[in-house]
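> compute the structure for the input listed below.
(chains A and B)
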Protein chains: 2
Amino acid sequence: MTPKLEDVAKRANVSKTTVSRVLNNRGYLSQKTIDKVYAAMKELNYHPNAVARQLYKNQTNLIGILLPTVANPFFGELTDTLERLLYQQGFKVLIGNSMNDPKKETAYLNQLLSKQVDGLIVGTHNQGIKQYDYQDLPVVAIDRIMNEDIPIIASDNYHGGVLATTHLIDRGAEKIIHTNGPLTLETPSQRRRVAYEETMMAHNLTPLTYTVDFNISSEAKKVVFQKLLEEHPDVDGIFAANDTDAALIMQVAAEFGRHIPDDLLLVGYDGTKLIRDLIPSLTTIIQPIEAISTTAINVLKQRLAHEDTEKEYILPVELWPGTTG
Amino acid sequence: MTPKLEDVAKRANVSKTTVSRVLNNRGYLSQKTIDKVYAAMKELNYHPNAVARQLYKNQTNLIGILLPTVANPFFGELTDTLERLLYQQGFKVLIGNSMNDPKKETAYLNQLLSKQVDGLIVGTHNQGIKQYDYQDLPVVAIDRIMNEDIPIIASDNYHGGVLATTHLIDRGAEKIIHTNGPLTLETPSQRRRVAYEETMMAHNLTPLTYTVDFNISSEAKKVVFQKLLEEHPDVDGIFAANDTDAALIMQVAAEFGRHIPDDLLLVGYDGTKLIRDLIPSLTTIIQPIEAISTTAINVLKQRLAHEDTEKEYILPVELWPGTTG
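Numbers count the residues shown, from 1 in each chain, chains lettered A, B, ... in the order given. Modelled structure (predicted):
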């Protein structure tokens, strides 16, 4: 016969409430009580079925996080921070690294619709997924435009673009090239490009953007950067789309005998703790990962409670001076 | 009245089987059919309840991954790879970054015991957690010794230690210092330390290990490395516990006017794709993340099927030459 909660209580010589509190990690419990209850569970081979409880409550306390890949420092730190904050609020985190994989993203969305997760935080770049057209979904987007209904949390990409470009101009660069993702991708980060172009023109300089797909391999990216230096030997400043691209540009520049910062200035983007630890010399724009995470979670909770939210939340960036730019 | 699956089928003018296949992403489906079914679901406000289905099957298809933090490149790439491979096999991934947090690790373990996840892959360093003492748990450990019952998947730490140390000796270093985690931590990676010590002694050299806690901040680690260079101005080789530590050592060495590799050789450990992209000059030992992930998943599936497994799976490492060591 399958053992029941009351069998565990009897065996451990505690109340049913105590067993339940041990199972749910609720309230103060002495280590002795916890050990007694687990010993009794073990002896009886008792496995409480939380799935049944979850069905009863009709909520899972699971939040799905869909990002391109946690192996990228920015998305790694974002996932780390989101998970830490969500856990403090009683949620557990499902991840779906769905770079280049709209089918996978769709599968997670179906999971939301079939109530296997309570909500989703989405920062992937896949397009044309129909399921987002449901109204009032418990979904928030990080740095991505989904549709009219889904709130966006983003850092101040426009100001980041102005900061980076102005910094390069102030340091004396004139022929400045910006690298960015394809224009077809409708993301708020395209505002960095707009800010770069407007800032250049306001200084009577000619903007030139090189398109570099985020999804290609670092080897393929290096080829693009080699082409950039070949085609524009007079480039004296580069505003890179992100810090890992900036690191690749540092290597390619060295191959071309270009010395950073003496004859080429370089500014990255993202400014994660990891990159600032590994390459502290890299001048970059710091995205506020903690603020982005906190805001995304608060807005998601408002969506879960069917409260009104803003269409967009824009969070401040700052410059990490470094020595490359 | 709550709409049912057959209402959706009727509305979309397809069979119930087709609706079910759309919901489960199974078999070939034209985009037209998928769109029709979702349009009908939307019109009827139909939400299939997967939790009920899951209760019926008594499995969740969720695997929990407990690692210190995905913000670290090694654990980030490991999580990325595990998630990708598990997803291909029909599993979704819950993450718990539980560095320094045995309570959090315990909570995940309780989740396993209460059947909210099917299995766990654990690589955290928390100790003294009672719940691991259940027999035949669907748990595998990555680079961590848990108990007699739980299989360990690890890269060949001993050989990695020999490779790194021999490489430094071959390049002419004699006063070589190794940095490693506290000895109290019983991890297979302590075998790197043993390999370092044995290799040094086999060459009539004196081993010296500096203890650096993985969990402290990079600022605190730099202080340890400064102390190392102050106390041992004659050090001519360092075998670092991991690549991020090695990157910090590169910075501290520069502060001390030490030139790598001319008067100080340096070898890291882990060799993630990210680090090889960002700092390709760093000589390091590559852990086989893909093989570790594949093996961990296979062994976990054997545990889930109550099949016998080995106590330990050791996977080959290789040297990334770089130019620092």
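> close to chain B: what parts of the stretch 201-325 of chain A are there?
A:218, A:244, A:247-248, A:251, A:272-275, A:277-280 (CB under 8 Å from any CB of the partner chain). C-beta coordinates here come from the backbone N, C-alpha and C atoms, glycine included.
> may I ask which two of those are separated the most?
A:251 and A:273 (21.9 Å; CB to CB).
> for residue A:287, see how far away the closest residue to residue A:100 other than its chain neighbours is.
Counting by CB to CB, 6 or more residues apart in numbering or on different chains, residue A:100 lies nearest to residue A:215, which is 5.3 Å off, once chain neighbours are set aside. Separation of residue A:215 from residue A:287 (CB to CB, to the nearest Å): 19 Å.
> ok, back up a step: of the residues of the stretch 201-325 of chain A next to chain B - the most surrounded one?
residue A:278 (26 neighbours; other CB atoms under 10 Å in any protein chain shown).
> now do the contacts for that residue.
B:244, B:247, B:275, B:278-279 (CB atoms under 8 Å, 6 or more residues apart in numbering or on different chains).
> just to revisit the earlier point, ok, residue A:215 and residue A:287, which is more surrounded?
More neighbours surround residue A:287 than the other of residue A:215 and residue A:287, with 26 against 13 (other CB under 10 Å).
> the residue nearest to that one when sequence neighbours are not counted: how many residues sit nearby?
Spatial nearest neighbour of residue A:287, excluding adjacent residues (CB to CB, 6+ apart): residue A:155 at 4.4 Å. Residues within reach of residue A:155, counting by other CB under 10 Å, total 27.
> just residue A:199 next, same as before
Other residues near residue A:199 number 22, with proximity taken as other CB under 10 Å.
> same question for the one 10 residues further on.
Number of residues near residue A:209 (other CB under 10 Å) recorded here: 16.
> can you verify it is assigned to a strand?
Yes - assessed with DSSP: H, G, I helix; E, B strand; the rest coil, residue A:209 lies in a strand.
> neighbours of the residue nearest to it when sequence neighbours are not counted, how many?
In this structure, residue A:209 finds its nearest non-sequential neighbour in residue A:178, 4.8 Å apart by CB to CB, 6+ apart. Number of residues near residue A:178 (other CB under 10 Å) recorded here: 24.
> return the residues in contact with residue A:178.
Residue A:178 sits in contact with A:165, A:192-193, A:196-197, A:207-210, A:238-239, A:241, where contact means CB under 8 Å, 6+ apart.
> can we see that at 7 Å?
Neighbouring residues of residue A:178 by CB atoms under 7 Å, 6 or more residues apart in numbering or on different chains: A:193, A:196, A:207, A:209, A:239.
> quick check: the fourth one vs chain B, distance?
For residue A:209, the distance to chain B under the criterion CB to the nearest CB, to the nearest Å works out to 23 Å.
> burial measure for whichever residue of the stretch 101-250 of chain A sits closest to chain B, as a count.
Using CB to the nearest CB, residue A:114 is the residue of the stretch 101-250 of chain A that sits closest to chain B, at 3.8 Å. Residue A:114 has 18 neighbours, counted by other CB under 10 Å.
> and if you look at residue A:302?
Neighbour tally, residue A:302, other CB under 10 Å: 16.
> hmm, it is touching residue A:296, no?
No - Residue A:302 lies out of contact with residue A:296 (CB atoms under 7 Å); the separation is 11.0 Å.
> got the residues of the stretch 51-200 of chain A near chain B?
A:51-52, A:54-55, A:60, A:69-71, A:76-77, A:79-80, A:83-84, A:87, A:92-95, A:97, A:104, A:107, A:110-111, A:113-116, A:130-131, A:134 (CB under 7 Å from any CB of the partner chain).
> ok, and for stretch A:176-196, which residues are buried?
A:176-181, A:187-193, A:195-196 (16 or more other CB atoms under 10 Å in any protein chain shown).
> give the rounded mean pLDDT of that stretch.
Per-residue pLDDT over stretch A:176-196 has a mean of 87.
> quick check: phi and psi on the residue nearest to residue A:188 when sequence neighbours are not counted?
Nearest non-adjacent residue to residue A:188, counting by CB to CB, 6+ apart: residue A:154, 4.2 Å away. Dihedral pair for residue A:154: phi -150, psi 160, per degrees, to the nearest 10.
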